[in-house]
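Fold the following for me, if possible:
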Amino acid sequence: NNVKSGTIAGDGSLVLKLYYKVDADNNGTPDDEDKYTIKFVDYDGTELSSEEYAWGTAAAEITPKSDQDGYTFNGWDPEVAKVTADATYTATYTANTNTAYTVEYYKQAEAGSDTYNKDDSLTKSLTGTTATTVTAEQIAIEGYAFDSDNANNVKSGTVAGDGSLVLKLYYKVDANNNGK
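Numbering: from 1, shown residues only. Model prediction:
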């Protein structure tokens, strides 16, 4: 308790006592009474949490429930520190290196036909790094040649985090087995 004034006794027994609270940020308010807003937002700016904390305390980190398929939560930017002011922390992610994608191979039904059928025995389930470009491998199929002019070819694409990328290569009948 503060003792701010008193009568001076002849024996010198008067003691005045003044107690001060720390105001490290020099804003005129004791630090234990300062309140700051701490926000956590997802990669796209969506607010995940917003709470007030006292100066010098530790904000409770949260784990985002992101719809970021193909990515793994990596932490907060900037790194979460003791509360000294209003702050916003943004979730950061690392692209997964094992995101699924598919390569399908289609064979012409017969020479001169516009009909192509998917050969399920040749379909490949592969993995790649989310958001990177991958290219389908042309393979040798006996009796067929790669139809480079076929508008339905999807030779390359970006690996989608949800595994939905499907590359498609079309092969025409090669009756002469000359690769044309």
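
Low-confidence ranges, this structure, go.
Within the chain, the segments meeting pLDDT under 70 span 30-32, 66-67, 179-180.

make it 80
Within the chain, the set of residues satisfying pLDDT under 80 comprises 19-33, 65-67, 175-180.

Which parts of it are strands?
Counting by DSSP state E, the chain has strands at residues 35-41, 47-54, 71-77, 87-95, 99-108, 116-118, 124-128, 133-135, 144-146, 156-158, 166-173.

Quick check: can you name the pairing partners of the fourth one and their directions?
Right, the one you point to is strand 87-95. strand 35-41 (parallel), strand 71-77 (antiparallel) (DSSP bridges).

same check, this time on the longest one
Strands flanking strand 99-108 in the sheet, each with its direction: strand 116-118 (antiparallel), strand 124-128 (antiparallel), strand 166-173 (parallel) (DSSP bridges).

Give me the buried positions along that strand.
Buried residues in strand 99-108, counted by 16 or more other C-beta atoms under 10 Å: 99-101, 103-108. In short, each C-beta sits where N, CA and C put it, glycine included.

Equivalent analysis for the fourth one, please.
The neighbour-count check on strand 87-95 (16+ other C-beta under 10 Å) flags 87, 89-91, 93, 95 as buried.

tell me which residues form a beta bridge with the residue nearest to residue 59 when sequence neighbours are not counted?
The shortest distance from residue 59 to any non-neighbouring residue, by C-beta to C-beta, 6 or more residues apart in numbering, is to residue 38 (4.4 Å). Applying DSSP bridges to residue 38 yields these beta-bridge partners: residue 51, residue 87.
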